[in-house]
Structure formats: structure tokens, C-alpha cells
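1. Coordinates for the following, if possible.
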Amino acid sequence: QVQLVESGGGLVQTGGSLRLSCAASGSIASINAMGWYRQTPDKQRDMIASITSGASTTYADSVKGRFTISRDNAKNTVYLQMNSLKPEDSAVYYCNALIRYSGSTYFQEYWGQGTQVTVSS
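-> Model (predicted):
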């Protein structure tokens, strides 16, 4: 069984910073791409940042220059450093990963449980 557990959400003022973490646990053989998505009640879940196993990154235009995604392969963990936060960044943030568990020959997609980020104006 594989799990993704997120942490680091919370309430912050406009212009502030937060760092989200997402740790994968279980019988993991390999992790491919990892990413962060966010969702508000009236919108679909959108990808905001992703990172490949080789550390190539992609960002949504709305967060470029403010957010930084990184990963620690030894810890099976992905991070999202969020700076210069705006009220419109308020959402539930989900991590996502393509993971091959021990004994499997293919990758499966896993999601974290979500963590709330609220940016006050």
C-alpha cells in the first residue's frame, strides 16, 4: 500500500510564504513525476507545478516566479515553496505522484488527502 501525506498548509497574510511537503510511504520501488495541484469549490483541480524524476520542472503561469517545486528522492518527498502569496492562491492543495510499488511492473497515480491554504488580504 502506498500513501501520500501532505503537511504545511495554513493561514498566511498576503505577501507571506508557506512551504508544503508531501511524503510518499509504503513499499515503493520507484517514483516518476511528482506534482502539486490546487482546487477551489467553484473550480476544477488544476496542476500548478510538477517535477520529473530528473528534476525538470513545469509551472502554471499563475505561480511562475513565486512558487518553487523540489524533491528529495532519498526521502520520497516533494516540496512546494510558496512566496509572495495572494488571496487568489487560497485553495486546497493536493500532491500527486506516479509510483511503482514493489512487485509491480507499472506506475500508478496517487493523490494526497489535500491541505488547505488560506491567504488573507
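
2. what's the distance between Asp72 and Ala24?
-> Remark: distance between Asp72 and Ala24 (CB to CB, to the nearest Å) = 11 Å. Quick note: C-beta positions are derived from backbone N, CA and C, even for glycine.

3. what's the answer for Leu11, then?
-> To Ala24, Leu11 is 26 Å away according to CB to CB.

4. the more surrounded of the two?
-> Each of Leu11 and Ala24 has its neighbours counted (other CB atoms under 10 Å); Ala24 has more, 21 against 12.

5. element containing the residue most central in space within the chain?
-> Geometric centre of the chain, nearest residue: Trp36, 2.9 Å, by CA atoms, centre = their mean. Secondary structure assignment for Trp36, by DSSP states H and E: strand 28-39.

6. Please work out the average pLDDT along that strand.
-> Strand 28-39 carries an average pLDDT of 97.

7. what's the angle between whichever helix or strand comes after it and strand 28-39?
-> Per DSSP H and E, the first helix or strand lying C-terminal to strand 28-39 is strand 46-51. Angle of strand 46-51 versus strand 28-39, following axes from the mean of the first three to the mean of the last three CA atoms, to 10 degrees, is 140 degrees.
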